[in-house]
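Visitor: kindly generate the corresponding structure for this input.
(one chain, ligands or ions: 1)
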Amino acid sequence: MAFIIAVDGPAASGKGTIASRLAAHYGLPMLDTGLLYRAVGVRLLAIGGDLDDAAAAEASARGLDLSELEKPEVRTRAAGEAASRVAVHPGVRSALFDLQRSFAGQDGGAVLDGRDIGTVIAPEAPAKLYVTASPEVRADRRWKQLTGQGEAVSFEEILADIRKRDERDGGRKDAPMAQAVDAILLDTSEMTISQAFDAALRIVETAR
Ligand code: C5P
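Guide: Down below sits the predicted model:
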């Protein structure tokens, strides 16, 4: 079976860092699938579109060019919020499905991080992690990241964003954020990055 590592979990749980370190460790290509949804939201906003309009959001997803994932705008707070709003539309999710499937199916394997990798995109993945941390710890990490990028935002605003996003991502009908039954839970609240990576590596080594 292809060596697919699925890393799911809520915003700012540490899943992206863990996924990129695992990819570097095993020499595997990595896809941050959150960037796809972010880019769909950003390109829709750029044409003055409505994030809650399912048809417009789907058209935005179908017209996505992968070079758009490189734009700095996709990493902003507004892009995270827009991503979570367009991600509720089934047409958006299906428009992005094949791209993610073919990335996962590459010879030699791949690392994908997101919300539904272990449940929907690559349920056959031999190694699945569900990375989480308390909302306060996640808000603190995200706040440091965004203020480091120059965004003026308070910790409380970020905590509120995180709670709202958890609710929306976990509550949507199509492919909600969820721990796959065969995923291993990794709570990084009390861990440094290197402790979290070591724990993730042990889980993957046991699973492969
Ligand atoms: O991971 P990140 O915070 O960049 O993801 C942004 C948003 O994109 C999430 O809040 C979620 O709504 C959506 N997303 C998703 N499925 C994925 C990855 C991200 O619905 N596989």
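
Visitor: can you give me the strands in this structure?
Guide: Counting by DSSP state E, one finds strands in the chain at the ranges 4-8, 30-32, 110-114, 127-132, 184-187.

Visitor: tell me the most buried of the ones you listed?
Guide: strand 4-8 (a mean of 29; mean count of other Cβ atoms under 10 Å). Yep, even glycine has a C-beta here, placed from its N, CA and C like the rest.

Visitor: and the residue lying closest to S20 once chain neighbours are set aside, what are its bridge partners?
Guide: In space, S20 comes closest to M30 once its chain neighbours are excluded; the distance is 5.8 Å by Cβ to Cβ, 6 or more residues apart in numbering. Beta-bridge pairing for M30 (DSSP bridges): V111.

Visitor: hang on, M30 packs against R21?
Guide: No. Counting by Cβ atoms under 8 Å, R21 is not a contact partner of M30; they are 9.7 Å apart.

Visitor: low pLDDT regions in the protein?
Guide: Counting by pLDDT under 70, the chain has low-confidence residues at 1.

Visitor: biggest helix in it by residues?
Guide: helix 155-171 (DSSP state H).

Visitor: give me the helices and strands touching that helix, please.
Guide: helix 77-86, helix 135-148 (3 or more Cβ pairs under 8 Å, 6 or more residues apart in numbering; DSSP states H and E).

Visitor: format these as CSV; extra columns: distance to H25 and mean neighbour count.
Guide: Listed next are the helices and strands packed on helix 155-171 as CSV, based on distance: least, Cβ to Cβ, whole Å; neighbours: other Cβ atoms under 10 Å:
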stretch, distance to H25, mean neighbour count
helix 77-86, 27, 22
helix 135-148, 22, 18
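
Visitor: re earlier: relative to strand 127-132, how tilted is the longest helix of the chain?
Guide: With axes from the mean of the first three to the mean of the last three Cα atoms, to 10 degrees applied, the angle from helix 155-171 to strand 127-132 works out at 140 degrees.

Visitor: list the buried ones in helix 155-171?
Guide: The neighbour-count check on helix 155-171 (16 or more other Cβ atoms under 10 Å) flags I158, L159, D161, I162, R165, D166, R168, D169 as buried.

Visitor: for the ligand, what are the nearby residues on this structure?
Guide: Counting by Cβ under 6 Å from any ligand atom, the residues of the chain close to the ligand are 11, 33-34, 37-38, 80, 83-84, 87, 114-116, 165, 169.

Visitor: would you check which pair of those lies furthest apart?
Guide: G80 and D116 (16.7 Å; Cβ to Cβ).

Visitor: no further questions, thank you.
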